[in-house]
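Novice: here is the input, now give the coordinates:
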Amino acid sequence: MNPGDFLGSGAVTLAFAAFVILCIFLGVRIVPQSEKYVVERFGRLRAVLGPGINFVIPFFDRVAHKISILERQLPNATQDAITADNVLVRVETSVFYRITEPEKTVYRIRDVDAAIATTVAGIVRSEIGKLELDQVQSNRAQLIERVREHVRAMVDDWGVEVTRAEILDVNLDEATRAAMLQQLNAERARRAQVMEAEGRKRSVELAADAALYAAEQEAKARRVTADAEAYATGVIAAAIAANGLEAAQFQIAQKQVAALAEVAKGNGQQTILIPTQALEAFADAFKMLKGRG
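Specialist: Below you'll find the predicted structure:
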């Protein structure tokens, strides 16, 4: 073998080795965990490569798109909306999403970020248009949930999953804000007047209850006194009925003598005038006491 043939065969070997290395380089694709590769063959979708080592046919298959599957956040967007009671509000929204099916995102929509932002703006306007301003402010959690559900349904054909859709703020123009502030102050004044009136009413009710309670207690005391007097009268009547008139006269005589004894307790310098009828009564009393004794 002459030197020329040896050099020719060596060049062929080197060329073949280089071709094999090139085929291996082009046929092996290592996909990162956070990405997916869209592979085309002659301009048509061939496969979607997931994370790890993947093999393609060199010179026939090519990686047309490298799609990140990490969660993304759209820039905060602000759009105007009109509530059901014709109040203009400015709504600030924020959307988070991630691509789950790259083949749909690549071949069905040109600018997925702009498409999602436009969709969210339209849904927010539609939902706010169904509510009055007070409902927008008080039911923001329900509003956010409805917006999120509608956005998820709309973007499903784009291979996108909306993970979060938030309404960050609802702003009003200055005229509406001033009117609402005036209304709020009027409502506070009305509530204060109502509370004051209720306090006065409660005070009157308590005073009336106290007077009624005092009257009831006084009536009860009078009833008890009357019952006691009636009971004493009944006892006396029963005693008279049992012992006759003499027993009653005896009790009276005892009281007369006791009264005379009280009169006689002076220092001996007083003058006591006793009517004749009283002396006769005392005499009768002494006789009865003597007779009892």
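Novice: what about residue 123, how many neighbours?
Specialist: 20 (other Cβ atoms under 10 Å). Using the backbone N, CA and C atoms, a C-beta is placed for each residue, glycine as well.
Novice: and the one helix or strand it maps to, which residues are buried?
Specialist: Secondary structure from DSSP states H and E places residue 123 in helix 112-128. Neighbour counts over helix 112-128 (16 or more other Cβ atoms under 10 Å) mark 112, 115-117, 119-121, 123-124, 127-128 as buried.
Novice: where are the low-confidence patches of the stretch 101-250 of the chain?
Specialist: 177, 180, 233-250 (pLDDT under 70).
Novice: strands of that one, start to end?
Specialist: Taking DSSP state E, counting those that start in this stretch, the strands of the stretch 101-250 of the chain run over residues 160-172.
Novice: with distance to residue 51 as new columns, can the buried residues of helix 112-128 be given to me in CSV?
Specialist: Conversion of the buried residues of helix 112-128 to CSV gives the following (distance: Cβ to Cβ, whole Å):
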residue, distance to residue 51
112, 21
115, 26
116, 25
117, 29
119, 29
120, 30
121, 34
123, 33
124, 35
127, 38
128, 41
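Novice: could I get the contacting residues of residue 109?
Specialist: 115, 158 (Cβ atoms under 8 Å, 6 or more residues apart in numbering).
Novice: just the element for the closest residue to residue 46 other than its chain neighbours, please.
Specialist: Distance criterion Cβ to Cβ, 6 or more residues apart in numbering; nearest residue to residue 46, sequence neighbours excluded, is residue 39 at 4.5 Å. Assigned by DSSP H and E, residue 39 belongs to strand 35-41.
Novice: adjacent strands (with direction) for that strand?
Specialist: strand 44-49 (antiparallel), strand 61-68 (antiparallel) (DSSP bridges).
Novice: isn't residue 78 right next to residue 89, touching?
Specialist: No: if you go by Cβ atoms under 8 Å, residue 78 and residue 89 don't touch, sitting 10.6 Å apart.
Novice: compare neighbour counts for these two and give me the winner.
Specialist: When residue 78 and residue 89 are compared for neighbours, residue 89 comes out ahead with 19 against 12, by other Cβ under 10 Å.
Novice: how many residues are close by residue 153?
Specialist: 11.
Novice: next one: residue 163
Specialist: For residue 163, using other Cβ under 10 Å, the count is 14.
Novice: follow-up on the earlier one: next, the angle strand 160-172 makes with the helix holding residue 123.
Specialist: Between helix 112-128 and strand 160-172, the angle comes out at 50 degrees (axes from the mean of the first three to the mean of the last three Cα atoms, to 10 degrees).
Novice: secondary structure class for residue 95?
Specialist: strand (DSSP: H, G, I helix; E, B strand; the rest coil).
Novice: domains for the chain, by residue range?
Specialist: 10-68, 72-172, 177-206, 244-292 (automatic domain parsing).
Novice: quick one: contacts for the residue most central in space within the chain?
Specialist: In the chain, the residue lying closest to the centroid (Cα atoms, centre = their mean) is residue 138, at 11.1 Å. With contacts defined as Cβ under 8 Å, 6+ apart, residue 138 has no neighbours.
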